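Novice: Got a sequence here, can you build the structure:
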Amino acid sequence: MHETATLTRATRADWQAFLKANPDLQAVDAFIIDINGNTTGKRLPVADGDTLFAQGVQFSACAPIADARGLGQGPLGLGKSDGDPDGTAWPIAGTLYRVPWVSAPTAQVVCQMTDVPDGKELWFDSRVILGDLVARCHAVGLHPVVACELEFYLIDVRRGVEGQIQVGALPGRSAPRRAANLSVEAVEESAAFFAAIDAAARAQQLPVCGTVAEYGIGQYEVNLRHVADPLLAADHAALLKRLVRGVARSFGLEATFMAKPFATQPGNGLHVHVSLIDEDGRNRFAGAQGETLLRHAIAGAQALMYDSLALFAPNFNSQRRYLGMFVPTTRDWDHNNRSVAFRVPAAHGQARRFEHRVAGADASPHLTVAAILAGILHGVHNGLDPGAPLGGKARSGSDAEFPGDLLAALARLENSALLQQYLPAKFLHLYAELKRGEYADLIEPVFNREYDFYA
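Specialist: Numbers count the residues shown, from 1 in each chain. Model prediction:
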(Lines give C-alpha, C1' and ligand atoms only; values in the text may rest on other atoms or scores of the structure.)
Protein backbone atom coordinates (compact mmCIF):
# COMPACT_ATOMS: atom_id res chain seq x y z
CA MET A 1 0.00 0.00 0.00
CA HIS A 2 1.93 3.00 -1.27
CA GLU A 3 -0.43 5.86 -0.41
CA THR A 4 -3.12 6.13 2.24
CA ALA A 5 -4.69 8.88 4.30
CA THR A 6 -1.59 9.05 6.48
CA LEU A 7 1.26 7.61 4.39
CA THR A 8 2.83 8.72 1.16
CA ARG A 9 6.17 6.97 1.09
CA ALA A 10 9.42 8.75 0.50
CA THR A 11 11.49 7.04 -2.19
CA ARG A 12 15.07 5.96 -2.64
CA ALA A 13 15.40 8.81 -5.16
CA ASP A 14 14.36 11.26 -2.42
CA TRP A 15 17.12 9.88 -0.20
CA GLN A 16 19.74 10.01 -2.94
CA ALA A 17 18.92 13.62 -3.73
CA PHE A 18 19.08 14.54 -0.05
CA LEU A 19 22.37 12.72 0.39
CA LYS A 20 23.83 14.52 -2.63
CA ALA A 21 22.92 17.84 -1.03
CA ASN A 22 24.25 16.69 2.38
CA PRO A 23 27.37 14.61 1.65
CA ASP A 24 28.69 14.94 5.21
CA LEU A 25 25.88 12.89 6.78
CA GLN A 26 26.89 10.08 9.09
CA ALA A 27 23.51 8.79 10.33
CA VAL A 28 19.76 9.01 9.89
CA ASP A 29 17.14 8.82 12.65
CA ALA A 30 14.09 6.86 11.44
CA PHE A 31 11.21 7.11 13.92
CA ILE A 32 7.48 6.87 14.36
CA ILE A 33 5.30 9.10 16.55
CA ASP A 34 3.77 6.99 19.31
CA ILE A 35 0.55 7.16 21.31
CA ASN A 36 2.18 9.60 23.76
CA GLY A 37 3.44 11.94 21.05
CA ASN A 38 7.01 10.68 21.54
CA THR A 39 9.39 9.82 18.69
CA THR A 40 10.49 6.18 18.76
CA GLY A 41 12.74 4.35 16.33
CA LYS A 42 16.32 3.70 15.28
CA ARG A 43 19.46 5.63 14.42
CA LEU A 44 20.94 4.03 11.32
CA PRO A 45 24.37 4.54 9.70
CA VAL A 46 24.14 6.56 6.52
CA ALA A 47 25.23 3.49 4.53
CA ASP A 48 21.89 1.87 5.39
CA GLY A 49 19.89 4.78 3.99
CA ASP A 50 19.21 3.11 0.64
CA THR A 51 17.77 0.06 2.37
CA LEU A 52 15.66 2.22 4.68
CA PHE A 53 14.00 4.05 1.79
CA ALA A 54 13.67 0.97 -0.43
CA GLN A 55 12.54 -1.60 2.15
CA GLY A 56 11.65 0.30 5.31
CA VAL A 57 13.08 -0.55 8.72
CA GLN A 58 11.70 -3.18 11.05
CA PHE A 59 11.19 -2.92 14.79
CA SER A 60 8.47 -3.86 17.24
CA ALA A 61 4.98 -3.29 15.83
CA CYS A 62 3.92 -2.37 19.37
CA ALA A 63 6.20 0.68 19.45
CA PRO A 64 3.24 2.97 18.61
CA ILE A 65 1.52 1.87 21.84
CA ALA A 66 4.41 1.96 24.30
CA ASP A 67 3.77 3.61 27.65
CA ALA A 68 5.24 6.98 28.62
CA ARG A 69 8.62 5.34 29.38
CA GLY A 70 8.72 3.50 26.05
CA LEU A 71 7.89 0.16 27.70
CA GLY A 72 5.25 -2.31 26.54
CA GLN A 73 2.14 -2.91 28.64
CA GLY A 74 0.64 -5.49 26.29
CA PRO A 75 -2.84 -3.94 26.00
CA LEU A 76 -5.34 -6.35 24.44
CA GLY A 77 -2.47 -8.85 24.32
CA LEU A 78 -0.52 -6.84 21.76
CA GLY A 79 3.20 -7.32 22.29
CA LYS A 80 2.72 -10.20 24.73
CA SER A 81 0.39 -12.98 23.68
CA ASP A 82 1.18 -12.36 20.00
CA GLY A 83 4.95 -12.81 20.42
CA ASP A 84 5.76 -9.12 19.92
CA PRO A 85 6.09 -9.22 16.11
CA ASP A 86 7.96 -6.63 14.09
CA GLY A 87 6.29 -4.09 11.86
CA THR A 88 7.84 -2.21 8.97
CA ALA A 89 8.33 1.53 9.39
CA TRP A 90 8.25 3.36 6.05
CA PRO A 91 9.70 6.86 5.59
CA ILE A 92 7.01 9.47 4.93
CA ALA A 93 7.48 11.79 1.97
CA GLY A 94 8.39 15.36 2.87
CA THR A 95 9.75 14.60 6.36
CA LEU A 96 13.46 14.14 5.63
CA TYR A 97 15.57 16.90 7.22
CA ARG A 98 18.85 17.49 9.02
CA VAL A 99 19.02 17.41 12.81
CA PRO A 100 20.81 20.69 13.61
CA TRP A 101 21.26 20.18 17.35
CA VAL A 102 23.37 17.00 17.35
CA SER A 103 27.16 16.95 17.16
CA ALA A 104 27.58 14.37 14.37
CA PRO A 105 25.92 15.24 11.02
CA THR A 106 22.58 13.44 11.21
CA ALA A 107 19.29 13.43 9.33
CA GLN A 108 15.82 12.45 10.51
CA VAL A 109 12.75 11.08 8.78
CA VAL A 110 9.27 10.44 10.18
CA CYS A 111 7.97 6.94 9.47
CA GLN A 112 4.62 5.19 9.45
CA MET A 113 4.47 1.66 10.85
CA THR A 114 2.75 -1.04 8.78
CA ASP A 115 1.95 -4.69 9.33
CA VAL A 116 4.58 -7.05 7.93
CA PRO A 117 2.28 -9.66 6.32
CA ASP A 118 -0.09 -7.37 4.42
CA GLY A 119 1.53 -3.91 4.50
CA LYS A 120 -1.54 -2.28 6.02
CA GLU A 121 -1.28 0.57 8.49
CA LEU A 122 -1.78 -0.43 12.13
CA TRP A 123 -5.30 0.20 13.39
CA PHE A 124 -4.01 1.40 16.78
CA ASP A 125 -1.57 4.00 15.40
CA SER A 126 -2.49 7.50 16.61
CA ARG A 127 -1.69 8.99 13.17
CA VAL A 128 -4.16 6.53 11.63
CA ILE A 129 -6.80 7.44 14.22
CA LEU A 130 -6.42 11.13 13.39
CA GLY A 131 -6.22 10.51 9.64
CA ASP A 132 -9.56 8.70 9.76
CA LEU A 133 -11.17 11.65 11.60
CA VAL A 134 -9.82 14.11 9.06
CA ALA A 135 -11.23 11.97 6.24
CA ARG A 136 -14.63 11.93 7.94
CA CYS A 137 -14.57 15.71 8.26
CA HIS A 138 -13.71 16.16 4.60
CA ALA A 139 -16.41 13.70 3.56
CA VAL A 140 -19.09 16.00 5.00
CA GLY A 141 -17.54 19.21 3.72
CA LEU A 142 -15.71 20.27 6.90
CA HIS A 143 -12.13 21.39 6.33
CA PRO A 144 -10.39 22.15 9.66
CA VAL A 145 -7.41 24.46 9.98
CA VAL A 146 -5.35 23.73 13.09
CA ALA A 147 -2.44 25.23 15.03
CA CYS A 148 -0.89 24.07 18.32
CA GLU A 149 0.77 25.97 21.16
CA LEU A 150 3.06 24.13 23.58
CA GLU A 151 4.31 25.17 27.01
CA PHE A 152 7.45 23.79 28.64
CA TYR A 153 10.02 24.44 31.37
CA LEU A 154 13.79 24.50 30.97
CA ILE A 155 15.23 22.37 33.76
CA ASP A 156 18.61 21.34 35.15
CA VAL A 157 19.96 17.97 34.02
CA ARG A 158 20.77 17.27 37.68
CA ARG A 159 18.03 16.16 40.05
CA GLY A 160 17.43 17.25 43.62
CA VAL A 161 18.29 15.07 46.62
CA GLU A 162 14.90 13.33 46.41
CA GLY A 163 14.93 13.03 42.61
CA GLN A 164 12.88 16.15 41.95
CA ILE A 165 13.54 18.37 38.97
CA GLN A 166 14.86 21.93 39.28
CA VAL A 167 14.66 25.03 37.08
CA GLY A 168 17.73 25.17 34.86
CA ALA A 169 20.20 27.93 34.02
CA LEU A 170 21.34 28.65 30.49
CA PRO A 171 25.12 28.95 30.02
CA GLY A 172 26.39 32.22 31.50
CA ARG A 173 23.13 32.84 33.35
CA SER A 174 21.80 32.05 36.79
CA ALA A 175 18.58 30.10 37.14
CA PRO A 176 15.51 32.38 37.12
CA ARG A 177 14.03 33.05 40.56
CA ARG A 178 10.80 34.81 39.67
CA ALA A 179 8.02 34.57 37.12
CA ALA A 180 8.41 36.74 34.03
CA ASN A 181 5.10 36.43 32.18
CA LEU A 182 5.30 38.07 28.73
CA SER A 183 8.68 39.56 29.64
CA VAL A 184 10.65 40.46 26.52
CA GLU A 185 13.72 40.71 28.75
CA ALA A 186 13.29 37.10 29.84
CA VAL A 187 13.19 35.98 26.23
CA GLU A 188 16.17 38.19 25.45
CA GLU A 189 18.15 36.64 28.30
CA SER A 190 17.48 33.30 26.61
CA ALA A 191 18.10 34.72 23.13
CA ALA A 192 20.79 32.21 22.14
CA PHE A 193 18.54 29.29 23.05
CA PHE A 194 15.55 30.62 21.13
CA ALA A 195 17.72 31.58 18.16
CA ALA A 196 18.78 27.93 18.05
CA ILE A 197 15.10 26.91 18.23
CA ASP A 198 14.27 29.20 15.32
CA ALA A 199 17.24 28.03 13.25
CA ALA A 200 16.41 24.37 13.82
CA ALA A 201 12.74 25.00 13.00
CA ARG A 202 13.69 26.68 9.72
CA ALA A 203 16.02 23.80 8.86
CA GLN A 204 13.18 21.33 9.43
CA GLN A 205 10.46 23.56 7.97
CA LEU A 206 8.49 23.62 11.20
CA PRO A 207 6.30 26.75 11.11
CA VAL A 208 7.31 28.24 14.47
CA CYS A 209 5.86 31.74 14.72
CA GLY A 210 6.45 33.07 18.22
CA THR A 211 7.98 32.54 21.64
CA VAL A 212 6.80 34.00 24.93
CA ALA A 213 7.85 33.79 28.57
CA GLU A 214 4.98 32.19 30.48
CA TYR A 215 3.58 32.44 34.02
CA GLY A 216 5.91 29.83 35.53
CA ILE A 217 9.49 30.41 36.63
CA GLY A 218 11.58 29.20 33.71
CA GLN A 219 8.46 28.42 31.65
CA TYR A 220 8.04 29.30 27.96
CA GLU A 221 5.59 28.78 25.13
CA VAL A 222 6.34 28.21 21.45
CA ASN A 223 3.58 28.68 18.87
CA LEU A 224 3.07 27.06 15.49
CA ARG A 225 1.31 28.56 12.48
CA HIS A 226 -2.10 27.37 11.35
CA VAL A 227 -2.15 24.75 8.58
CA ALA A 228 -5.08 23.35 6.61
CA ASP A 229 -4.04 19.77 7.37
CA PRO A 230 -4.80 18.64 10.94
CA LEU A 231 -2.53 15.61 10.60
CA LEU A 232 0.37 17.83 9.61
CA ALA A 233 -0.43 20.22 12.47
CA ALA A 234 -0.24 17.33 14.96
CA ASP A 235 3.02 16.14 13.37
CA HIS A 236 4.36 19.68 13.77
CA ALA A 237 3.55 19.63 17.49
CA ALA A 238 5.22 16.26 18.08
CA LEU A 239 8.30 17.28 16.09
CA LEU A 240 8.49 20.61 17.92
CA LYS A 241 8.69 18.75 21.23
CA ARG A 242 11.56 16.65 19.86
CA LEU A 243 13.27 19.79 18.56
CA VAL A 244 12.94 21.74 21.83
CA ARG A 245 14.27 18.81 23.85
CA GLY A 246 17.17 18.36 21.44
CA VAL A 247 18.16 22.03 21.43
CA ALA A 248 17.89 22.12 25.23
CA ARG A 249 20.33 19.19 25.46
CA SER A 250 22.76 21.04 23.21
CA PHE A 251 22.73 23.84 25.83
CA GLY A 252 23.35 21.42 28.70
CA LEU A 253 19.70 21.53 29.84
CA GLU A 254 16.53 19.52 29.58
CA ALA A 255 13.08 20.67 28.51
CA THR A 256 10.05 19.15 30.19
CA PHE A 257 6.54 19.08 28.78
CA MET A 258 5.29 17.37 31.93
CA ALA A 259 1.79 18.66 32.68
CA LYS A 260 2.55 19.78 36.26
CA PRO A 261 6.28 19.60 36.97
CA PHE A 262 6.18 21.95 39.98
CA ALA A 263 3.43 21.86 42.59
CA THR A 264 3.38 25.63 43.14
CA GLN A 265 3.93 26.72 39.52
CA PRO A 266 1.57 26.71 36.52
CA GLY A 267 1.27 23.57 34.47
CA ASN A 268 2.17 23.06 30.82
CA GLY A 269 -0.68 23.13 28.32
CA LEU A 270 -1.24 22.06 24.73
CA HIS A 271 -3.64 24.67 23.36
CA VAL A 272 -5.19 23.94 19.98
CA HIS A 273 -6.64 26.63 17.71
CA VAL A 274 -9.22 25.49 15.16
CA SER A 275 -11.18 27.09 12.35
CA LEU A 276 -13.09 25.74 9.35
CA ILE A 277 -12.53 26.83 5.76
CA ASP A 278 -14.45 26.30 2.54
CA GLU A 279 -13.05 24.82 -0.68
CA ASP A 280 -11.64 28.22 -1.63
CA GLY A 281 -9.81 28.66 1.68
CA ARG A 282 -12.20 31.21 3.17
CA ASN A 283 -12.82 31.03 6.90
CA ARG A 284 -16.37 29.78 7.39
CA PHE A 285 -16.52 31.12 10.96
CA ALA A 286 -16.21 34.63 9.48
CA GLY A 287 -18.75 34.20 6.68
CA ALA A 288 -22.51 34.03 6.48
CA GLN A 289 -23.86 31.86 9.28
CA GLY A 290 -20.32 31.80 10.67
CA GLU A 291 -21.34 32.53 14.25
CA THR A 292 -23.88 29.70 14.17
CA LEU A 293 -21.29 27.27 12.80
CA LEU A 294 -18.77 28.38 15.44
CA ARG A 295 -21.32 27.77 18.19
CA HIS A 296 -22.11 24.30 16.82
CA ALA A 297 -18.38 23.43 16.81
CA ILE A 298 -17.88 24.65 20.38
CA ALA A 299 -20.98 22.82 21.58
CA GLY A 300 -19.67 19.57 20.12
CA ALA A 301 -16.34 20.07 21.86
CA GLN A 302 -18.27 20.65 25.09
CA ALA A 303 -20.25 17.44 24.62
CA LEU A 304 -17.11 15.30 24.23
CA MET A 305 -14.84 17.12 26.71
CA TYR A 306 -15.29 14.88 29.75
CA ASP A 307 -15.51 11.65 27.75
CA SER A 308 -12.17 12.58 26.12
CA LEU A 309 -10.40 13.85 29.24
CA ALA A 310 -8.14 10.79 29.48
CA LEU A 311 -6.77 11.74 26.05
CA PHE A 312 -6.20 15.34 27.10
CA ALA A 313 -4.72 14.31 30.49
CA PRO A 314 -3.13 10.90 29.83
CA ASN A 315 -1.35 10.10 33.08
CA PHE A 316 -1.27 10.50 36.85
CA ASN A 317 0.64 13.79 36.79
CA SER A 318 -1.68 15.22 34.13
CA GLN A 319 -4.50 15.50 36.63
CA ARG A 320 -2.46 17.81 38.87
CA ARG A 321 -2.56 20.50 36.18
CA TYR A 322 -6.31 20.92 36.69
CA LEU A 323 -5.64 22.35 40.14
CA GLY A 324 -3.99 25.43 38.64
CA MET A 325 -5.08 28.81 37.32
CA PHE A 326 -6.45 29.14 33.77
CA VAL A 327 -6.89 25.37 33.48
CA PRO A 328 -10.51 24.47 32.69
CA THR A 329 -12.52 22.04 34.82
CA THR A 330 -15.90 23.11 33.42
CA ARG A 331 -17.37 23.14 29.91
CA ASP A 332 -17.65 26.94 29.83
CA TRP A 333 -16.89 28.99 26.74
CA ASP A 334 -16.46 32.70 26.26
CA HIS A 335 -15.00 35.45 24.12
CA ASN A 336 -11.46 36.60 24.94
CA ASN A 337 -11.35 34.76 28.29
CA ARG A 338 -8.47 32.43 29.18
CA SER A 339 -10.22 30.93 32.18
CA VAL A 340 -12.61 28.84 30.05
CA ALA A 341 -12.20 25.56 28.21
CA PHE A 342 -13.18 27.04 24.84
CA ARG A 343 -12.00 30.57 24.15
CA VAL A 344 -12.93 32.62 21.11
CA PRO A 345 -9.94 34.97 20.68
CA ALA A 346 -10.42 38.62 19.78
CA ALA A 347 -9.76 37.95 16.10
CA HIS A 348 -11.78 38.60 12.96
CA GLY A 349 -11.93 37.65 9.31
CA GLN A 350 -9.57 34.86 8.31
CA ALA A 351 -8.32 34.64 11.90
CA ARG A 352 -11.75 33.80 13.36
CA ARG A 353 -11.34 30.60 15.41
CA PHE A 354 -11.77 28.97 18.79
CA GLU A 355 -9.07 27.78 21.14
CA HIS A 356 -9.37 24.42 22.88
CA ARG A 357 -7.51 24.85 26.21
CA VAL A 358 -8.16 21.50 27.93
CA ALA A 359 -5.13 19.33 27.03
CA GLY A 360 -1.80 19.22 28.82
CA ALA A 361 1.50 19.42 26.98
CA ASP A 362 2.06 15.74 27.81
CA ALA A 363 -0.94 14.68 25.69
CA SER A 364 -0.60 13.12 22.25
CA PRO A 365 -1.12 15.93 19.73
CA HIS A 366 -2.70 13.43 17.33
CA LEU A 367 -5.23 12.06 19.79
CA THR A 368 -5.95 15.54 21.14
CA VAL A 369 -6.72 16.87 17.67
CA ALA A 370 -8.71 13.73 16.86
CA ALA A 371 -10.92 14.25 19.93
CA ILE A 372 -11.42 17.92 19.01
CA LEU A 373 -12.41 17.05 15.44
CA ALA A 374 -14.78 14.40 16.77
CA GLY A 375 -16.43 17.12 18.83
CA ILE A 376 -16.72 19.46 15.85
CA LEU A 377 -18.26 16.69 13.73
CA HIS A 378 -20.73 15.91 16.49
CA GLY A 379 -21.70 19.50 17.14
CA VAL A 380 -22.11 20.52 13.51
CA HIS A 381 -23.98 17.36 12.47
CA ASN A 382 -26.45 17.66 15.35
CA GLY A 383 -26.78 21.45 15.32
CA LEU A 384 -25.81 21.70 19.00
CA ASP A 385 -25.79 24.96 20.91
CA PRO A 386 -23.20 25.76 23.61
CA GLY A 387 -25.45 27.97 25.69
CA ALA A 388 -24.60 31.49 26.73
CA PRO A 389 -20.93 32.53 26.96
CA LEU A 390 -19.61 32.78 30.49
CA GLY A 391 -19.37 36.55 30.40
CA GLY A 392 -15.89 37.09 31.75
CA LYS A 393 -16.32 35.76 35.27
CA ALA A 394 -14.46 32.48 35.79
CA ARG A 395 -16.26 29.87 37.82
CA SER A 396 -14.42 28.23 40.70
CA GLY A 397 -14.38 24.48 41.19
CA SER A 398 -15.21 21.65 38.83
CA ASP A 399 -18.44 20.47 37.31
CA ALA A 400 -19.92 17.47 39.10
CA GLU A 401 -19.29 15.41 35.95
CA PHE A 402 -15.61 16.31 35.67
CA PRO A 403 -13.60 13.07 36.09
CA GLY A 404 -11.65 13.64 39.27
CA ASP A 405 -8.73 11.30 38.66
CA LEU A 406 -7.05 9.27 35.93
CA LEU A 407 -8.93 6.02 36.61
CA ALA A 408 -12.28 7.80 36.53
CA ALA A 409 -11.31 9.50 33.26
CA LEU A 410 -10.22 6.18 31.72
CA ALA A 411 -13.48 4.51 32.75
CA ARG A 412 -15.49 7.33 31.20
CA LEU A 413 -13.43 7.21 27.99
CA GLU A 414 -13.72 3.45 27.64
CA ASN A 415 -17.47 3.36 28.25
CA SER A 416 -18.46 6.41 26.21
CA ALA A 417 -21.05 5.41 23.62
CA LEU A 418 -20.82 8.96 22.26
CA LEU A 419 -17.06 8.89 21.74
CA GLN A 420 -17.33 5.44 20.13
CA GLN A 421 -19.26 7.07 17.29
CA TYR A 422 -16.03 8.80 16.28
CA LEU A 423 -13.11 6.78 17.67
CA PRO A 424 -12.98 2.97 17.39
CA ALA A 425 -14.27 1.27 20.55
CA LYS A 426 -11.42 -1.23 20.31
CA PHE A 427 -8.91 1.61 20.38
CA LEU A 428 -10.54 3.18 23.43
CA HIS A 429 -10.32 -0.17 25.27
CA LEU A 430 -6.67 -0.52 24.24
CA TYR A 431 -5.85 3.01 25.40
CA ALA A 432 -7.55 2.54 28.77
CA GLU A 433 -5.77 -0.76 29.37
CA LEU A 434 -2.40 0.75 28.39
CA LYS A 435 -2.76 3.71 30.73
CA ARG A 436 -4.05 1.59 33.62
CA GLY A 437 -0.95 -0.58 33.29
CA GLU A 438 1.31 2.46 33.27
CA TYR A 439 -0.46 3.81 36.36
CA ALA A 440 -0.10 0.48 38.19
CA ASP A 441 3.64 0.48 37.52
CA LEU A 442 3.91 4.06 38.79
CA ILE A 443 2.25 3.44 42.15
CA GLU A 444 3.75 -0.01 42.81
CA PRO A 445 6.64 1.24 45.00
CA VAL A 446 5.92 2.69 48.44
CA PHE A 447 6.30 6.49 48.28
CA ASN A 448 8.41 8.22 50.93
CA ARG A 449 5.50 10.41 52.00
CA GLU A 450 3.45 7.33 52.86
CA TYR A 451 5.76 6.79 55.82
CA ASP A 452 5.10 10.36 56.99
CA PHE A 453 1.34 9.82 56.78
CA TYR A 454 0.86 6.23 57.89
CA ALA A 455 3.89 4.78 59.68
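Novice: List the contacts of Asp198.
Specialist: By Cβ atoms under 8 Å, 6 or more residues apart in numbering, the contact set of Asp198 is Val208. Using the backbone N, CA and C atoms, a C-beta is placed for each residue, glycine as well.
Novice: that's a helix at it, yeah?
Specialist: Yes - with DSSP: H, G, I helix; E, B strand; the rest coil as the criterion, Asp198 is part of a helix.
Novice: Now stretch 91-99: buried residues?
Specialist: For stretch 91-99, the neighbour count (16 or more other Cβ atoms under 10 Å) marks 91-92, 95-99 as buried.
Novice: Identify the residues contacting it?
Specialist: Contacts to stretch 91-99, defined as Cβ under 8 Å, 6+ apart, come from residues 7-11, 14-15, 18, 22, 25, 29-30, 52-53, 56, 105-112, 203-205, 235, 246.
Novice: Would you map the strands across the stretch 51-200 of the chain?
Specialist: Taking DSSP state E, counting those that start in this stretch, the strands of the stretch 51-200 of the chain run over residues 57-60, 86-91, 97-98, 106-115, 143-156.
Novice: My read is that Met325 contacts Thr264, right?
Specialist: No - with contacts counted by Cβ atoms under 8 Å, Met325 stays clear of Thr264, the gap being 11.5 Å.
Novice: Between those two, which has more neighbouring residues?
Specialist: Higher neighbour count among Met325 and Thr264: Met325, with 10 against 7, using other Cβ atoms under 10 Å.
Novice: returning to what we had before: mean pLDDT and distance to Leu413 for the strands of the stretch 51-200 of the chain - can I get that in JSON lines?
Specialist: Below are the strands of the stretch 51-200 of the chain laid out as JSON lines (pLDDT from 0 to 100; distance: least, Cβ to Cβ, whole Å):
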{"stretch": "strand 57-60", "mean pLDDT": "96", "distance to Leu413": "25"}
{"stretch": "strand 86-91", "mean pLDDT": "97", "distance to Leu413": "25"}
{"stretch": "strand 97-98", "mean pLDDT": "98", "distance to Leu413": "35"}
{"stretch": "strand 106-115", "mean pLDDT": "97", "distance to Leu413": "23"}
{"stretch": "strand 143-156", "mean pLDDT": "97", "distance to Leu413": "21"}
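Novice: Would you reformat those strands as CSV and include distance to Glu185?
Specialist: Formatted as CSV, the strands of the stretch 51-200 of the chain follow (distance: least, Cβ to Cβ, whole Å):
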stretch, distance to Glu185
strand 57-60, 46
strand 86-91, 43
strand 97-98, 32
strand 106-115, 34
strand 143-156, 16
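Novice: So for Ala374, which of these sits nearest?
Specialist: Ala374 lies closest to strand 143-156 among the strands of the stretch 51-200 of the chain, at 11.3 Å (Cβ to Cβ).
Novice: Figure out how far that closest one is from the centre of its chain.
Specialist: 8 Å (Cα atoms, centre = their mean, to the nearest Å).
Novice: where are the low-confidence patches of the stretch 151-300 of the chain?
Specialist: Scanning the stretch 151-300 of the chain for pLDDT under 70 picks out 177-184, 186.
Novice: Can you show me the helices along it?
Specialist: Applying DSSP state H, counting those that start in this stretch to the stretch 151-300 of the chain gives helices spanning 184-189, 191-203, 230-250, 290-305.
Novice: In TSV: these, plus distance to Asp34.
Specialist: Converted to TSV, those look like this (distance: least, Cβ to Cβ, whole Å):
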stretch	distance to Asp34
helix 184-189	31
helix 191-203	22
helix 230-250	9
helix 290-305	23
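Novice: Quick one: closest of those to Leu434.
Specialist: helix 230-250 (17.9 Å).
Novice: if we can go back for a sec, Gly290 is nearest to which of the strands of the stretch 51-200 of the chain?
Specialist: Closest among the strands of the stretch 51-200 of the chain, using Cβ to Cβ: strand 143-156, at 13.7 Å.
Novice: which helices and strands sit right next to the closest one?
Specialist: When contacts are defined as 3 or more Cβ pairs under 8 Å, 6 or more residues apart in numbering; DSSP states H and E, strand 143-156 packs onto helix 126-139, strand 219-224, helix 230-250, strand 253-256, strand 270-277, helix 365-382.
Novice: again, only this time at 10 Å
Specialist: On a contact count with 3 or more Cβ pairs under 10 Å, 6 or more residues apart in numbering; DSSP states H and E, strand 143-156 meets helix 126-139, strand 208-213, strand 219-224, helix 230-250, strand 253-256, strand 270-277, strand 354-356, helix 365-382.
Novice: could you redo those as TSV and give each row distance to Arg320 and mean neighbour count?
Specialist: Shown next, in TSV, are the helices and strands packed on strand 143-156 (distance: least, Cβ to Cβ, whole Å; neighbours: other Cβ atoms under 10 Å):
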stretch	distance to Arg320	mean neighbour count
helix 126-139	24	21
strand 208-213	22	17
strand 219-224	15	22
helix 230-250	20	23
strand 253-256	14	21
strand 270-277	15	24
strand 354-356	20	24
helix 365-382	18	25
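Novice: do you know which of those lies nearest Asn415?
Specialist: That would be helix 365-382 among these, by Cβ to Cβ, at 15.7 Å.
Novice: Any chance you could list what contacts the next helix or strand after the closest one?
Specialist: Moving toward the C-terminus from helix 365-382, the next helix or strand (DSSP states H and E) is helix 406-414. If you take Cβ atoms under 10 Å, 6 or more residues apart in numbering as the criterion, helix 406-414 is touched by 306-319, 371, 401-403, 405, 419-420, 423, 425, 428-436, 438-439, 442.
Novice: want to throw the buried residues of stretch 91-99 into JSON lines with distance to Tyr153?
Specialist: Shown next, in JSON lines, are the buried residues of stretch 91-99 (distance: Cβ to Cβ, whole Å):
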{"residue": "Pro91", "distance to Tyr153": "33"}
{"residue": "Ile92", "distance to Tyr153": "30"}
{"residue": "Thr95", "distance to Tyr153": "28"}
{"residue": "Leu96", "distance to Tyr153": "31"}
{"residue": "Tyr97", "distance to Tyr153": "26"}
{"residue": "Arg98", "distance to Tyr153": "27"}
{"residue": "Val99", "distance to Tyr153": "23"}
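Novice: just curious, which of the residues you listed is nearest to Gly160?
Specialist: Distance ranking of those against Gly160, using Cβ to Cβ, places Val99 first at 30.7 Å.
Novice: list the contacts for the residue lying closest to Ile277 once chain neighbours are set aside?
Specialist: Residue nearest to Ile277 in three dimensions, not counting chain neighbours: His143, with 5.0 Å by Cβ to Cβ, 6 or more residues apart in numbering. Residues in contact with His143, defined by Cβ under 10 Å, 6+ apart, are 134, 137, 228-230, 275-279, 281, 284.
Novice: quick one on the thing from earlier: could you dump the helices and strands packed on strand 143-156 into TSV and include distance to Tyr153?
Specialist: Listed next are the helices and strands packed on strand 143-156 as TSV, based on distance: least, Cβ to Cβ, whole Å:
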stretch	distance to Tyr153
helix 126-139	25
strand 208-213	11
strand 219-224	5
helix 230-250	10
strand 253-256	5
strand 270-277	14
strand 354-356	22
helix 365-382	19
